[in-house]
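Enquirer: could you work out the structure for the sequence below:
(2 chains)
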Protein chains: 2
Amino acid sequence: MEVPKGFLFSGLNCGIKRYRKDLGIAYSTSDCVASGVFTTNVAKAAPILYNLKLLEENSTKIRAVVVNSKIANSCTGQQGLENAYRTAQKAAQVLHVDPSSILLASTGIIGLQLPMDKIEAGIEAASMCLNEDPTPFAEAITTTDTFIKMSSRKVEIDGKRVHILGIAKGSGMIHPNMATVLSFLFTDANISPDALKKALKASVEKSYNMIDVDGDTSTNDMVLALANGQAGNERIEEDSPEFLKFFESFHEINVELAKMIVKDGEGATKLIEVRVVHAPDELSARRIARSIVSSNLVKTAIHAQDPNWGRIVAAAGCSGVNFDLAKLDLYIGNGKNTITVLKCGDPCELNEEEASSVLSASEIVLTVDLNEGVDSATAWGCDLSEEYIKKNGRYKAWAKTL
Amino acid sequence: MEVPKGFLFSGLNCGIKRYRKDLGIAYSTSDCVASGVFTTNVAKAAPILYNLKLLEENSTKIRAVVVNSKIANSCTGQQGLENAYRTAQKAAQVLHVDPSSILLASTGIIGLQLPMDKIEAGIEAASMCLNEDPTPFAEAITTTDTFIKMSSRKVEIDGKRVHILGIAKGSGMIHPNMATVLSFLFTDANISPDALKKALKASVEKSYNMIDVDGDTSTNDMVLALANGQAGNERIEEDSPEFLKFFESFHEINVELAKMIVKDGEGATKLIEVRVVHAPDELSARRIARSIVSSNLVKTAIHAQDPNWGRIVAAAGCSGVNFDLAKLDLYIGNGKNTITVLKCGDPCELNEEEASSVLSASEIVLTVDLNEGVDSATAWGCDLSEEYIKKNGRYKAWAKTL
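Expert: Residues are numbered from 1 along each chain as shown, chains lettered A, B, ... in the order given. Model (predicted):
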């Protein structure tokens, strides 16, 4: 991992979960420019409301992010908001920074209040074990995740080495309707608030907003980007040539994390990549790609390695985008291992054995060619398995065992 | 069953399925006023395209509906449309009526062409066994349905006995985005085309369009209403006082059929009824109700009898409707057996045993009170079980065994 200069991390168990880490702090030794993308869910969790308000007033002097898992602090009313403030107060006190420099995140069960005594003791302990290893932080933010999700890049800007590190968690309630579950981007780049905001917004649209596990949009989703400038490069502005260089690495990390989240979708056994090409415009391409990747029937067919491609066309057809079925081509597979199932709206002779073989891969690519324009989009999802039902049906029971 | 005067039915196996009935004809001895509501899916199946065109030119002289199951005649290109025309031609020939008086419907696997020799021989045979029992027709239109779906009413209008009979099939690819799978309403009422259209549209909006099994919208969905006027009542117009009387029974049938479809959802073990009350307007109420009833996470939680009510609030929150979480009340259960889980946005103390007991019922009512206005809406769905995944993953293999 390429850890950016001046960032320290810690993660530990403060007693919300029984054994596993449940509280993490990411801390910068100097002020950060910060930007966030938050859930579009009307029922926003307390930490979301807290961050939205804070970033409106201060997006250039952020010092830390405090995250807890297992309890989402969502649908917790006034008490939940007060607990968010208390969390920030406590972190500010032990980190010797201003409360207005603390961002918050929570993930887990909705409707429960945070155990503030445990949170406060945990923050105190976590502040004492901050170091350069981001792994305990990455562990502390997980819930049903089966592996931790980190990605990093190093990029040279003005002869300075700039580092970007992304840390995310999945793995249920994931839908492309907004940000995503939790993802944090830390960089030592010197970048203007507007440029960071632009990079974050553009990247989220084509990464986290293009993935789907189960069509549900969480009340707690957020992606935060913090830049402390310690790489010492000349400040990256929206229109500076270095912006694209920074963006490229920044976006690669987000796509990588987004795909990790999907691969670790609850009960997932396959990664599904949907490419919509030759669309009249990008928005239409994205809507069709997302509609296909979100379809339960497509997900279950692919889980069963059933070449029931009619479901793909049906899902495209109910995306809300108008297209000409008589121009539609549909391919299943990737590279040499590809079969054509529909050509100009006419079904092709299907070798079911060949199709099953293509579908036995762990990563399935579906390509929809609209033959109408030059724009394209890609979305990622996972299959829907019996395991998903089992896991989600027992979510609360499961959470108790942690 | 109250079978309307002048309607005859038949259903048989013509060899598309191996053993079960796969072809049905509903025939009226005199011309019918007809109205239809069709899928909003862009990828419309051949019979949908055929009916849309036909009803534009003739909605007052309809004589029959020909339905086949197992093959959807969808994504079948020009050949599929030609097969639809041939089907209608054959039916017209053996029934001695005009081809323009025949409506069509298909349901089943997408992407396969109809076996026209079997269809044509089947139509010939079916025309010879038409009678007043609608059961064989109801059987012939089913696919993964585990029971046939019929409902009827008798209503007195102008001293005349008017009969309405509804026959429907489910049970996968059901989503509130449009009509629904297949549903046919037959009545001997004398009713104007405009009045029938108004009744059908209004009723579909609050019945089939408010149900969800798996969030997918089929390429073949349609609801057709045929009225042959043989009851001999004075013609019902849009503004006549009898309209409401007719509508009441007509709508009751549609709600009953819609609920049957949901109860028979693939793998369903529970009926979920979502009531949204005190909404600022009806559209908002409907969107919230549909969002909740379509949520995989809500469906899996209810399947597992897990009182994880946060998922209900989250689903309401991502419906696209803005509401004030601080005013929200949420109840689970019905009548005396009801628990309050959220009051004015604050979580209530939850007795988990009591909650599990409420959730052990086979019909679960969720009531969302927005405390904002006077409008309301109800949606129906089913839970999501391991069986759904199994059934859908093996859909094609299953279809072969029929």
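Enquirer: you'd agree A:Glu372 is in a helix?
Expert: No. Read with DSSP: H, G, I helix; E, B strand; the rest coil, A:Glu372 is coil and lies in no helix.
Enquirer: which residues touch it?
Expert: Neighbour list for A:Glu372: A:His278, A:Ala279, A:Pro280, A:Phe323, A:Asp324, A:Lys327 [criterion: Cβ atoms under 8 Å, 6 or more residues apart in numbering or on different chains]. Where you see a C-beta, it was placed from the backbone N, CA and C, and this is true even at glycine.
Enquirer: list buried residues within those residues.
Expert: Listed as buried from those are A:His278, A:Ala279, A:Phe323; burial here means 16 or more other Cβ atoms under 10 Å in any protein chain shown.
Enquirer: tell me the secondary structure for the residue nearest to the second one when sequence neighbours are not counted?
Expert: Yep, that's A:Ala279 we're talking about. Closest residue to A:Ala279 apart from its sequence neighbours, by Cβ to Cβ, 6 or more residues apart in numbering or on different chains: A:Ala285 at 3.6 Å. Of the three states, A:Ala285 takes helix under three-state DSSP.
Enquirer: confidence score at A:Ala285?
Expert: If you check A:Ala285, the pLDDT there is 96.
Enquirer: from what I can see it touches A:Ala377, true?
Expert: Yes. A:Ala285 lies in contact with A:Ala377 (Cβ atoms under 8 Å); the separation is 3.6 Å.
Enquirer: of these two, which one has the most company?
Expert: For A:Ala285 versus A:Ala377, neighbours defined as other Cβ atoms under 10 Å in any protein chain shown are more numerous around A:Ala285 (26 against 23).
Enquirer: OK, contacts around that one?
Expert: Residues counted as contacts of A:Ala285 (Cβ under 8 Å, 6+ apart) are A:Val276, A:Val277, A:Ala279, A:Leu370, A:Asp375, A:Ser376, A:Ala377.
Enquirer: can you pick the most crowded of those residues?
Expert: Going by other Cβ under 10 Å, A:Val276 tops those with 29 neighbours.
Enquirer: and stretch A:197-216, what's its mean pLDDT?
Expert: The model assigns stretch A:197-216 a mean pLDDT of 84.
Enquirer: ditto for stretch A:160-178
Expert: Here stretch A:160-178 scores 72 as its mean pLDDT.
Enquirer: follow-up on the earlier one: which one among the buried ones among the contacts of A:Glu372 gets closest to B:Thr338?
Expert: Closest approach between these and B:Thr338, by Cβ to Cβ: A:Phe323, at 46.4 Å.
Enquirer: which residue ranges of the stretch 151-300 of chain A form helices?
Expert: A:193-205, A:241-263, A:282-293, A:296-303 (DSSP state H, counting those that start in this stretch).
Enquirer: tell me the residues that contact both of A:Ala285 and A:Ala377, please.
Expert: Overlap of the contact sets of A:Ala285 and A:Ala377 (by Cβ under 8 Å, 6+ apart) consists of A:Val276, A:Ala279.
Enquirer: quick one: A:Ser28 is in a helix?
Expert: No. Assigned with three-state DSSP, A:Ser28 falls outside any helix and is strand.
Enquirer: which ones are touching it?
Expert: The contact partners of A:Ser28, by Cβ under 8 Å, 6+ apart, come to A:Gly6, A:Phe7, A:Leu8, A:Ile62, A:Arg63, A:Ala64, A:Phe186, A:Leu226, A:Asn228.
Enquirer: ok, 7 Å please
Expert: A:Gly6, A:Phe7, A:Arg63, A:Ala64, A:Leu226, A:Asn228 (Cβ atoms under 7 Å, 6 or more residues apart in numbering or on different chains).
Enquirer: the second one: neighbour count?
Expert: This means A:Phe7. Counted with other Cβ under 10 Å, the neighbours of A:Phe7 add up to 25.
Enquirer: beta partners of it?
Expert: Beta-bridge pairing of A:Phe7 under DSSP bridges involves A:Ser28.
Enquirer: looking at the stretch 101-250 of chain A, which residue is nearest chain B?
Expert: Relative to chain B, the nearest point of the stretch 101-250 of chain A is A:Ile110 (2.2 Å; Cβ to the nearest Cβ).
Enquirer: ok, now how distant is the nearest residue to that residue once chain neighbours are set aside from A:Asn220?
Expert: Counting by Cβ to Cβ, 6+ apart, A:Ile110 lies nearest to B:Gly310, which is 2.2 Å off, once chain neighbours are set aside. Computed with Cβ to Cβ, to the nearest Å, the distance linking B:Gly310 and A:Asn220 is 10 Å.
Enquirer: neighbour-wise, which of those two wins?
Expert: More crowded of B:Gly310 and A:Asn220, by other Cβ under 10 Å: B:Gly310, with 30 against 26.
Enquirer: any idea of the mean pLDDT in stretch A:130-146?
Expert: Per-residue scores along stretch A:130-146 average to 93.
Enquirer: alpha carbons only: can I get that stretch in CSV?
Expert: The C-alpha coordinates for stretch A:130-146 follow below in CSV (Å, rounded to 0.1, in the frame of the first residue of the first chain):
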residue,chain,number,x,y,z
LEU,A,130,-2.5,5.9,15.5
ASN,A,131,0.2,4.7,13.1
GLU,A,132,0.9,4.4,9.4
ASP,A,133,-0.7,1.0,8.8
PRO,A,134,-4.2,1.5,7.4
THR,A,135,-5.2,-2.2,7.9
PRO,A,136,-6.8,-2.0,11.3
PHE,A,137,-8.9,1.0,10.1
ALA,A,138,-9.9,-1.0,7.0
GLU,A,139,-10.9,-3.9,9.3
ALA,A,140,-12.8,-1.7,11.7
ILE,A,141,-15.2,-0.3,9.1
THR,A,142,-16.4,-3.7,7.8
THR,A,143,-19.7,-5.4,8.6
THR,A,144,-20.6,-8.4,6.4
ASP,A,145,-17.5,-8.0,4.3
THR,A,146,-15.5,-11.1,3.9
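Enquirer: quick one: buried residues of that stretch?
Expert: Buried residues in stretch A:130-146, defined by neighbour count with 16+ other Cβ under 10 Å: A:Leu130, A:Pro134, A:Pro136, A:Phe137, A:Ala138, A:Glu139, A:Ala140, A:Ile141, A:Thr142, A:Thr143, A:Thr144, A:Asp145.
Enquirer: doesn't A:Pro193 make contact with A:Glu238?
Expert: No. The pair A:Glu238 / A:Pro193 is not scored as a contact, 10.1 Å apart, by Cβ atoms under 7 Å.
Enquirer: how close does the residue of chain A most remote from its centre get to chain B?
Expert: Residue farthest from the centre of chain A, counting by Cα atoms, centre = their mean, is A:Glu349 at 39.0 Å. Distance, A:Glu349 to chain B, using Cβ to the nearest Cβ, to the nearest Å: 11 Å.
Enquirer: what about that residue, is that helix, strand or coil?
Expert: For A:Glu349, the secondary-structure state derived from three-state DSSP is coil.
Enquirer: phi, psi of A:Thr135?
Expert: Backbone torsions for A:Thr135, taken as degrees, to the nearest 10, come to phi -60, psi -50.
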